[in-house]
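Participant: only geometry, no sequence info:
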């Protein structure tokens, strides 16, 4: 696997790729492959959103002093909306579940261990929840923060001015409107993960009333 020179990536990405948190990861082959895959799968404006999502998540991690898998976080950000552009049957969890499946396949191809894959695919699968789950790991919490901040501005007080600064570097006017329409067309039927399976050999008990 060879590294991907930043100059072969779209011009619209260049101001974001030059940001230090992103620039320092570009020499990693898995990162380069993830960015090329994102370029192939996503419309240009959604791809820019994905890069801003990572940078906002990274800024949040710095502000909170949160340790995380930054390479994995960037790869997860690159894949978190790829399910919007894939065909196939509707599934419980909608496009985030499809995105997580695409990410898992990519990570397996790069020899990523199961535990790390689980943390990153969970982050993608749950990023459309209203709030992160109580037991969510740092990558899930940070991806959720970055995605929601970029689209709707929630959480801007934690990283003052950062959303506006990144939007000026790589603008996507009226993105929230167009993105919401794309989500609706994708047939999102709720973004919560599947319920756990019933216990072996029996049905799930109904709660007592």
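Facilitator: Structure's in. What do you need? Since the model is a prediction, treat every value here as computed from it, not as a measurement.
Participant: quick check: which element contains residue 97?
Facilitator: helix 94-109 (DSSP states H and E).
Participant: buried sites along that helix?
Facilitator: Judged by neighbour count (16 or more other Cβ atoms under 10 Å), helix 94-109 contains these buried residues: 94-104, 106-107. All C-beta spots, glycine's among them, are computed from the backbone N, C-alpha and C.
Participant: please tabulate the residues you listed in TSV, including the columns distance to residue 73 and pLDDT.
Facilitator: Listed next are these as TSV, based on distance: Cβ to Cβ, whole Å; pLDDT from 0 to 100:
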residue	distance to residue 73	pLDDT
94	22	79
95	20	86
96	16	90
97	19	91
98	20	90
99	15	92
100	14	94
101	19	92
102	17	93
103	12	96
104	16	96
106	14	97
107	13	98
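Participant: list just the nearest of the residues you listed to residue 144.
Facilitator: Residue 144 has its nearest neighbour among the buried residues of helix 94-109 in residue 96, at 10.8 Å by Cβ to Cβ.
Participant: distance check, that closest one against residue 175.
Facilitator: Distance, residue 96 to residue 175, by Cβ to Cβ, to the nearest Å: 18 Å.
Participant: same check on residue 43?
Facilitator: Taken as Cβ to Cβ, the span from residue 43 to residue 175 is 11 Å.
Participant: tabulate the buried residues of helix 94-109 (TSV), appending distance to residue 75.
Facilitator: Shown next, in TSV, are the buried residues of helix 94-109 (distance: Cβ to Cβ, whole Å):
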residue	distance to residue 75
94	21
95	18
96	15
97	17
98	16
99	12
100	12
101	14
102	11
103	7
104	11
106	8
107	7
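Participant: max pairwise distance over those: which two?
Facilitator: Using Cβ to Cβ, the buried residues of helix 94-109 span at most 20.8 Å, a distance reached by 94 and 107.
Participant: so which residues make contact with stretch 114-126?
Facilitator: 69, 72-73, 75-76, 79-80, 93, 96-97, 99-101, 103-104, 107-108, 112, 132-133, 136-137, 139-140, 142-144, 191-193 (Cβ atoms under 8 Å, 6 or more residues apart in numbering).
Participant: what helices or strands is the helix or strand hosting residue 168 leaning on?
Facilitator: Taking DSSP H and E as the definition, one finds residue 168 inside helix 162-169. Here helix 162-169 touches helix 14-17, helix 44-64, helix 138-152, going by 3 or more Cβ pairs under 8 Å, 6 or more residues apart in numbering; DSSP states H and E.
Participant: next, the buried residues of that helix.
Facilitator: Those would be 162, 163, 166, 169, for helix 162-169 by 16+ other Cβ under 10 Å.
Participant: enumerate every residue touching the last one.
Facilitator: What it means is residue 169. 15, 16, 19.
Participant: give me the buried subset of these.
Facilitator: Neighbour-count burial (16+ other Cβ under 10 Å) is assigned, among the contacts of residue 169, to 16, 19.
Participant: alright, I will stop here.
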